[in-house]
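Trainee: just need the structure, nothing else, for what follows:
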Amino acid sequence: MATVKDDGTVEFEVPADVESQALGAGSVGAYNDTVYDETLDATDLQYIPPLQIVVLIVGTRGDVQPFVAIGKRLQDYGHRVRLATHSNFKEFVLSAGLEFYPLGGDPTVLAGYMVKNKGFLPSGPSEIPVQRNQMKEIIYSLLPACKDPDIDSGIPFKADAIIANPPAYGHTHVAEALKVPIHIFFTMPWTPTNEFPHPLSRVKQQAGYRLSYQIVDSLIWLGIRDMINDLRKKKLKLRPVTYLSGSQGSESEIPHGYIWSPHLVPKPKDWGPKVDVVGFCFLDLASNYEPPEPLVKWLGAGEKPIYIGFGSLPVQEPEKMTQTIVDALQSTKQRGIINKGWGGLGNLAEPNDSIYLLDNCPHDWLFLRCKAVVHHGGAGTTAAGLRAACPTTIVPFFGDQPFWGERVHARGVGPAPIPVEEFTLTKLVDAIKFMVDPKVKLHAVELAKAMENEDGVAGAVKAFFKHLPCKKPDLEPEPVTSSFFSLSRCFGCS
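Mentor: Numbers count the residues shown, from 1 in each chain. Below you'll find the predicted structure:
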């Protein structure tokens, strides 16, 4: 029996007498490869004509940022890239030199919903209309994003290929209708494995790890099935899909790429050749950043500080959390930078020279100047901290954040994660003491050195090109089993 808990996660137990083999364990061959260290050469590119690629991304700025980096690299190879995401990020996308198209859904509403529900699944009946309205807006905006002219310039656009993250629900159905290939990239595991459970599930027995992906997938599908079938019938002119055939395709032939370092989480041995771990994808923001003079002076006036911030996530009691942070820094005799973010942190009861209040600053610039970091555990923020060799404490709010907290702790570069609802003075003090231990710093430096030669953006682009159908017209094309594209649309093939 699977139960959706009050925090929006799925809890289930596997009976002790059920062997993992019965749940599919060991049914997939062992694979373990990465793509970030495979350089692109002329033979990889000469058979790929210039493509019009649409990138469909739902989420916060931290979700969008890696795809801006990927889009820029694809553009460097001569492809036209349209990044379709929420209107809030229009200037961010355009300033990077990419084309923009608006998707439905409001990231502030989505973030608030996910903080309350710990993920994509509603924790109670009152939350269902909120999520459904957001999902409907997103789902119905996908097809125009793939084929409509640019809203501002009127320049025509028709996607030859789609890149998407899983929360852009409906992506595979649009790809099916347009008969174009699709490649899924994400910052959290979405492909079943026996090595760890789905981040949105609660299952302790390893025998249930693989099953957890199928259960979460089915519950999400159950909540959006009617909207997807409405889209298929009314907009895509496709037949509706049944409950059994309509899951999000987590075990399908669709290629998946995961945006994290294999030095932090190696590719599971039961993920096949259609799945790649490409490395973290960084967008260089530091090179063009001019820090404010007060920040530069403050940083130079003492020891490296500890950074504390939760990005664009709403905080329930910002004044109380701010005071807890101040008290913990004073108790451990540390200087601190508090990022105000969207959560409203930083209203100090009284001025404090050992604390700097920050509005916005590129992590790749700031974290190099910090002793350690405390944050929500978004994949991008986690990556930036580890790349800068910062011991890390993760305070997860929802989604993949507990997963990253556990991985950071397992790697020895941070304490056990502190769920936001358990954020107390005692736990934060203990976390800071853990992070300033020289042994932990040594582990952080070792991990940063291991990640030094990774290029996740190159890995993502390599994976995307690798899985495009029929790249080389002089070779016999392999049989295509996926229904999302046809050989007649293969690039340069006839």
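Trainee: and the residue nearest to residue 255 when sequence neighbours are not counted, how many neighbours does it have?
Mentor: Spatial nearest neighbour of residue 255, excluding adjacent residues (Cβ to Cβ, 6 or more residues apart in numbering): residue 467 at 3.9 Å. Using the backbone N, CA and C atoms, a C-beta is placed for each residue, glycine as well. By other Cβ atoms under 10 Å, the residues close to residue 467 number 20.
Trainee: show me the contacts for residue 467.
Mentor: Taking Cβ atoms under 8 Å, 6 or more residues apart in numbering as the contact definition, residue 467 lies against 181, 183, 255, 274.
Trainee: in the stretch 51-200 of the chain, which spans are helices?
Mentor: Along the stretch 51-200 of the chain, the stretches classed as helices by DSSP state H, counting those that start in this stretch are 61-76, 90-95, 107-117, 128-147, 171-178.
Trainee: now for the second one, which elements pack on it?
Mentor: Counting by 3 or more Cβ pairs under 8 Å, 6 or more residues apart in numbering; DSSP states H and E, the packing neighbours recorded for helix 90-95 are helix 61-76, strand 99-103.
Trainee: now find how far off-centre the first one is within its chain.
Mentor: Right, the one you point to is helix 61-76. Chain-centre distance of helix 61-76: 12 Å, with Cα atoms, centre = their mean, to the nearest Å.
Trainee: which outside residues touch it?
Mentor: Counting by Cβ under 8 Å, 6+ apart, residues outside helix 61-76 touching it are 53, 55, 57, 81, 83, 85, 89, 92-93, 96-98, 107, 163, 165, 167, 185, 187, 259, 280-283, 311-312, 378-381, 456-458, 460-461, 464.
Trainee: okay, the helices and strands packed on helix 90-95 in CSV with mean pLDDT, distance to residue 236 and mean neighbour count next?
Mentor: Formatted as CSV, the helices and strands packed on helix 90-95 follow (pLDDT from 0 to 100; distance: least, Cβ to Cβ, whole Å; neighbours: other Cβ atoms under 10 Å):
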stretch, mean pLDDT, distance to residue 236, mean neighbour count
helix 61-76, 96, 24, 22
strand 99-103, 99, 17, 21
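Trainee: select, out of these, the one closest to residue 428.
Mentor: Nearest to residue 428 among these is helix 61-76; the distance by Cβ to Cβ comes to 22.2 Å.
Trainee: the closest one vs strand 99-103, what angle?
Mentor: Angle of helix 61-76 versus strand 99-103, following axes from the mean of the first three to the mean of the last three Cα atoms, to 10 degrees, is 140 degrees.
Trainee: follow-up on the earlier one: show me just the buried residues among the contacts of helix 61-76.
Mentor: For those, a burial check counting by 16 or more other Cβ atoms under 10 Å picks out 53, 55, 57, 81, 83, 85, 89, 92-93, 96, 98, 107, 163, 165, 167, 185, 187, 259, 280-283, 311-312, 378-381, 456-458, 460-461, 464.
Trainee: in strands only, show me those.
Mentor: Residues of these located in strands (DSSP state E): 53, 55, 81, 83, 85, 163, 185.
Trainee: residue 204: which of those residues is nearest?
Mentor: Nearest to residue 204 among those is residue 185, at 29.2 Å by Cβ to Cβ.
Trainee: give the contact list for that closest one.
Mentor: Residues near residue 185 by Cβ under 8 Å, 6+ apart: 66, 67, 70, 163, 164, 165, 256, 257, 258, 259, 278, 460.
Trainee: could I get the pLDDT score of the nearest residue to the third one once chain neighbours are set aside?
Mentor: Across the structure, with Cβ to Cβ, 6+ apart as the measure, the residue nearest residue 70 apart from its sequence neighbours is residue 460 (4.9 Å). Residue 460 is assigned a predicted lDDT (pLDDT) of 98.
Trainee: residues contacting residue 460?
Mentor: Residue 460 neighbours (Cβ under 8 Å, 6+ apart): 66, 70, 73, 185, 257, 259, 278, 279, 281.
Trainee: again, only using 10 Å
Mentor: 35-36, 66-67, 69-70, 73-74, 163, 183, 185, 257-259, 276, 278-279, 281 (Cβ atoms under 10 Å, 6 or more residues apart in numbering).
Trainee: coming back round to it: go through the helices and strands packed on helix 90-95 and name the closest to residue 333.
Mentor: Checking these against residue 333 by Cβ to Cβ gives helix 61-76 as the closest, at 31.1 Å.
Trainee: quick check: angle from the closest one to strand 52-56?
Mentor: 170 degrees.
Trainee: quick revisit: show me the contacts of residue 467 that map onto strands.
Mentor: Judged by DSSP E, the contacts of residue 467 include residue 183 as members of strands.
Trainee: by neighbour count, which of the contacts of residue 467 wins?
Mentor: Busiest of the contacts of residue 467 [other Cβ under 10 Å] is residue 181, holding 26 neighbours.
Trainee: wait, isn't that residue in contact with residue 54?
Mentor: No. With contact defined as Cβ atoms under 10 Å, residue 181 does not reach residue 54; the gap is 11.7 Å.
Trainee: got any residues that touch both of the two?
Mentor: Common neighbours of residue 181 and residue 54, counting by Cβ under 10 Å, 6+ apart, are 159, 160, 161, 162, 163, 175.
Trainee: for the stretch 351-494 of the chain, give me the ranges with low pLDDT.
Mentor: Counting by pLDDT under 70, the stretch 351-494 of the chain has low-confidence residues at 470-494.
Trainee: quick check: closest non-adjacent residue to the most centrally placed residue in the chain.
Mentor: With distances taken as Cα atoms, centre = their mean, residue 187 lies nearest the centre of the chain, 3.0 Å away. In space, residue 187 comes closest to residue 379 once its chain neighbours are excluded; the distance is 3.5 Å by Cβ to Cβ, 6+ apart.
Trainee: separation between the one you found and residue 103?
Mentor: 20 Å (Cβ to Cβ, to the nearest Å).
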